[in-house]
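[1] sequence first, predicted coordinates after that:
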Amino acid sequence: MIEKKDVEKLASLARITIPDDQIEKVRKDIDTILAYVSQINEAHDLTSSEYNYNSGVKNFMREDTEPHESGKFTDVLLKSAPKSDKGYIEVKKIL
Amino acid sequence: MIDLKTMTITKLHNHLKAGDFSVKQIVDAYLKNITEKDGEIHAFLEVFDVAEQVARAQKMFDEGKATLLTGVPIAVKDNILIEGHTVSAASKMLENYVATYSGTAIKKLADAGAVFIGRTNMDEFAMGSSTENSAFGPTKNPYDTSRVPGGSSGGSAAAVAMDGALVALGSDTAGSVRQPAAFCGVVGLKTTYGSISRHGLIALGSSLDQIGPVTKCVEDAEIVFSFMKGHDPLDSTTIPDAAYADKQNSKMCQVRPPGLTIGVPRSLVEGQGIDTDVRKNFEETIERLKKLGHKIVDIELPHVKYSLPAYYIMLPGEASSNLARFDGMKYGLYVGGEKLLGDYLETRGAGFGPEPRRRILLGTYVLSSGYYDAFYNKSQEVRRLIAKDFEDAWQTVDVIITPTTPTPPFKLGEKTQDPVSMYLADVFTVPSNIAGIPTISVPCGTVEREGKSLPLGVQFFASHCREDILFKIGKQFSGEAV
């Protein structure tokens, strides 16, 4: 059972403000969804052959080479930023 | 007079090639339809100024350089980037965001001379099954405007159904191309994970997302796929072209002549919540397939029933990570708050609608250290079991079928208060995303509701990289030339 304080904690971790009058609805929805998804616990734990079953998926890496010319995309990207200054994205002071 | 109702890509191409009409005339015919119908349907969030694209396509014809897609009007879901155009994912978060580059699929279609006619409405960040989660108002079903077109690519499906475009692009993470296609009486294709580049698609669940076409007929889906597919260095999850060909040529994957063996996962299609008329239609569909010379066998996919609950763990996990990038700093909405933390809190609080917010919180929960094993890890184990169920099934069958949706199109507002009831609309479509296999939804008849005829769809599933089987059986089933 999810409680109001859990929703507030999740919202704080996810950096989202939730108005007070909506918290109960969010709590109820998340509780209902968690109850629904919990049925996956009925599925058995993987056997070793299932665990080792090769689905053919593997990681692909590329060489870290051929960078584009520095600054090539700066202007076009900065145009999308809410605030920028002298070639940098501007944000509030962290410390 | 141009008959758009029965138009296909091949027909259009032949007309344009023969000079029966110009690219401008055909595009204008679609634009006229949008003007007349979209006030009520609301399939489009924006219709583009197409003059330049039209001129370019016409030039390709005039110079003998036209491809099958040259001059084909394509509507694009609002989560696929076209350089210089707004792309909002139907969210306040990106309402004024202009794409700084084009997605790979878009580039390929543009090179072929396609004409992007506008961007289509969707559920916010592709989260939903009805297009009611759009921050800019719902789309309505062209067959009955009191009902939803499905989602999340509801605008794309409605656009094709109302002849607002010949082709539309959607994205499919749990059924978001196929479910609206079924609800709008058109064809929807979700291809093998890794067959079409996701570069330039706004990410929802990166291990599940695929761009897919919505079309009037199976052949059109095949044509559009042939232009969009292929390995892309900008998406490391795309399958190398040689590996794709190997898979199609491997002995184990040869289609068994003369007819196909089609598996019916009985326990799944006879589960709770399946509409009686949908079941009846499904049995009729099976009979039609038998008459076409195919062999029908019952199969078991023992873990596939866990697809939807597993999905609603892994997807929120992936989505909460993907949506972490919307912070009010780099692009998109900015709402100032107290200090830097306040900027995050206010921007994200104001930018995300209720469904993305719900999934971000759920994702944060299932990925948190205390619950990771019980939820996220378990969902990944179940994912393996589901993938293996399908692998086992391909030992005995070539194709699997289910209805595309458990019910006909539902009413606007019917499921908006209860998220789980909305999620259940994807119960038949989500397994193929989890397994990464290709699936096509094809219209298979109608049901009557309140004096209106509503479309239904049937889904054909095949093993990885075997879209060719889907096109073959899909065309035969739809009465198209094979």
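    Now that the structure is in, tell me what you want to look at. Computed from a predicted model, the values in this text were never measured in an experiment.

[2] enumerate the residues of the stretch 51-200 of chain B near chain A.
    B:97-98, B:100 (CB under 8 Å from any CB of the partner chain). Every C-beta, even on glycine, is put in place using the N, C-alpha and C of the backbone.

[3] my bad, the stretch 201-350 of chain B
    B:233, B:236-237, B:303, B:306, B:309-310, B:312-313, B:320, B:327-334, B:337, B:339-341, B:343-346, B:348-350.

[4] quick one: buried ones out of those?
    Among those, those buried by neighbour count (16 or more other CB atoms under 10 Å in any protein chain shown) are B:237, B:303, B:306, B:309-310, B:312-313, B:320, B:327-334, B:337, B:340, B:343-346, B:348-350.

[5] before we move on, back to that, list just the nearest of the residues of the stretch 51-200 of chain B next to chain A to residue B:118.
    residue B:98 (15.3 Å; CB to CB).

[6] which stretches of the stretch 151-300 of chain B have low pLDDT?
    Along the stretch 151-300 of chain B, the parts satisfying pLDDT under 70 run over B:251-257.

[7] contacts only, for whichever residue of it sits closest to chain A.
    Taking CB to the nearest CB as the measure, the stretch 151-300 of chain B has residue B:236 as its residue closest to chain A, at 4.6 Å. Residue B:236 sits next to A:60-62 when contact means CB atoms under 8 Å, 6 or more residues apart in numbering or on different chains.

[8] what helices or strands is the lowest-mean-pLDDT helix or strand in chain A leaning on?
    Across the helices and strands of chain A, mean confidence by mean pLDDT, DSSP states H and E is lowest for helix A:48-52: a mean of 78. Contact analysis of helix A:48-52 by 3 or more CB pairs under 8 Å, 6 or more residues apart in numbering or on different chains; DSSP states H and E lists helix B:378-393 as its packing neighbours.

[9] ok, and what's touching the helix it packs on?
    Contacts of helix B:378-393 from elsewhere in the structure, counted by CB under 8 Å, 6+ apart, are A:37, A:40-41, A:43, A:45-46, A:50-51, A:53, A:55, B:263, B:299, B:301-304, B:306-307, B:310-311, B:313-314, B:317, B:366, B:400, B:431, B:434-437, B:461, B:463.

[10] now stretch B:474-482
    Under CB under 8 Å, 6+ apart, the answer for stretch B:474-482 is B:187, B:217-219, B:221-222, B:288-289, B:292, B:440, B:442-444, B:458, B:460, B:472.

[11] one more pass at 10 Å, please.
    Stretch B:474-482 is contacted from outside by B:8, B:10, B:187, B:189, B:217-222, B:259-260, B:285, B:288-289, B:292-294, B:399, B:401, B:440-444, B:458, B:460, B:467, B:471-473, using CB atoms under 10 Å, 6 or more residues apart in numbering or on different chains.

[12] which among those end up buried?
    Buried among those (16+ other CB under 10 Å): B:8, B:187, B:189, B:217-222, B:259-260, B:285, B:289, B:294, B:399, B:401, B:440-444, B:458, B:460, B:467, B:471-473.

[13] output the contacting helices and strands for whichever strand or helix holds residue A:25.
    Counting by DSSP states H and E, the element that carries residue A:25 is helix A:20-37. With contacts taken as 3 or more CB pairs under 10 Å, 6 or more residues apart in numbering or on different chains; DSSP states H and E, helix A:20-37 sits against helix A:4-13, helix B:307-322, helix B:354-366, helix B:419-423.

[14] looking at those, which is nearest to residue A:87?
    Closest of the helices and strands packed on helix A:20-37 to residue A:87 is helix B:307-322, at 27.6 Å (criterion: CB to CB).

[15] mean confidence score for that closest one?
    Regarding helix B:307-322, the rounded mean pLDDT is 98.

[16] how many neighbours does residue A:65 have?
    5 (other CB atoms under 10 Å in any protein chain shown).

[17] that's a strand at it, yeah?
    No. Looking at residue A:65 with DSSP: H, G, I helix; E, B strand; the rest coil, it is coil, so not inside a strand.

[18] what sits against the closest residue to residue B:295 other than its chain neighbours?
    Spatial nearest neighbour of residue B:295, excluding adjacent residues (CB to CB, 6 or more residues apart in numbering or on different chains): residue B:261 at 4.9 Å. Residues in contact with residue B:261 (CB under 10 Å, 6+ apart) are B:255, B:294-297, B:299, B:396-399.

[19] and the most centrally placed residue in chain A, how close does it get to chain B?
    The residue lying closest to the centre of chain A (CA atoms, centre = their mean) is residue A:14, at 8.2 Å. Separation of residue A:14 from chain B (CB to the nearest CB, to the nearest Å): 5 Å.

[20] settle this for me: that residue is touching residue B:323, isn't it.
    Yes. Between residue A:14 and residue B:323 a contact is recorded at 8.8 Å, counting by CB atoms under 10 Å.

[21] identify the contacts common to the two.
    Common contacts of residue A:14 and residue B:323 (CB under 10 Å, 6+ apart): B:348, B:352, B:357, B:360, B:363.

[22] which non-adjacent residue is nearest the residue in the stretch 1-150 of chain B that chain A sits nearest to?
    Nearest residue of the stretch 1-150 of chain B to chain A, counting by CB to the nearest CB: residue B:100, 5.1 Å away. Spatial nearest neighbour of residue B:100, chain neighbours left out: residue A:76 (5.1 Å); criterion: CB to CB, 6+ apart.
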